[in-house]
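Student: A structural model of the following input is requested.
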Amino acid sequence: MSYKRGLMLNPVDNVANVLEEVLPGDIIQLNLNNEILTINAKELIPFGFKVAVKEIIYDSPIIKYGHRIGLASQPIKQGTLVHIHNLAGVRGRGDLTKKT
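Tutor: This next block holds a predicted model:
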């Protein structure tokens with residue numbers, strides 16, 4: 001088992017960025033407000049990519065740096081990669097705007 005570094009800046013975040021390549025079974029360590037959080041990696045997560053720090057249910061917001069960056073396009077398990085295959089962008093999407 002290997003420890004890898006991750007970056008999470010806001011306690012409301014449900015994703016963090018990994019600061020080095022993470023392999024399945026690695027433990028990702030996050031230092032948030034001087035508290036160490038750990039996550040077991042379930043799959044390969046390339047350097048700089050996002051990892052789910054908790055379970056994210058379908059169609060719920062994905063939060064990074066305290067801001068909503070998209071919606072979960074499928075359920076996302078803790079410790080798995082968060083990227084375009086399971087994150088739907090919402091900025092500038094007229095199809096999501098409520099019609100009046």
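
Student: Tell me where this protein has strands.
Tutor: Shown for the chain, the strands assigned by DSSP state E span residues 3-7, 15-18, 27-32, 35-40, 50-52, 61-64, 67-72, 81-82, 87-88.

Student: Out of those strands, which is the most enclosed?
Tutor: Among these, ranked by average contacts under mean count of other Cβ atoms under 10 Å, first place goes to strand 50-52 (a mean of 24). Any C-beta I mention is one placed from the backbone N, CA and C, and that applies to glycine too.

Student: Run me through the strand neighbours of it, direction for each.
Tutor: strand 15-18 (antiparallel), strand 81-82 (antiparallel) (DSSP bridges).

Student: Contacts for the first one, please.
Tutor: Where contact means Cβ atoms under 8 Å, 6 or more residues apart in numbering, the residues beyond strand 15-18 that reach it are 4-8, 28, 30, 39, 45-53, 56, 62-64, 69, 82.

Student: residues touching Glu21, list them.
Tutor: Lys4, Leu44, Ile45, Pro46, Phe47.

Student: Point to the residue nearest the middle of the protein.
Tutor: Val15 (2.5 Å; Cα atoms, centre = their mean).

Student: Report the beta-bridge partners for the nearest residue to it once chain neighbours are set aside.
Tutor: Closest residue to Val15 apart from its sequence neighbours, by Cβ to Cβ, 6 or more residues apart in numbering: Lys50 at 4.4 Å. For Lys50, the beta-bridge partners are Asn17, Val82 (DSSP bridges).

Student: if we can go back for a sec, how far away is the residue nearest to the centre of the chain from Asn31?
Tutor: 16 Å (Cβ to Cβ, to the nearest Å).

Student: give me the number of residues near the closest residue to Pro75 other than its chain neighbours?
Tutor: In space, and not counting its chain neighbours, Pro75 is closest to Tyr58: 5.2 Å by Cβ to Cβ, 6+ apart. Neighbour count for Tyr58, taken as other Cβ atoms under 10 Å: 11.
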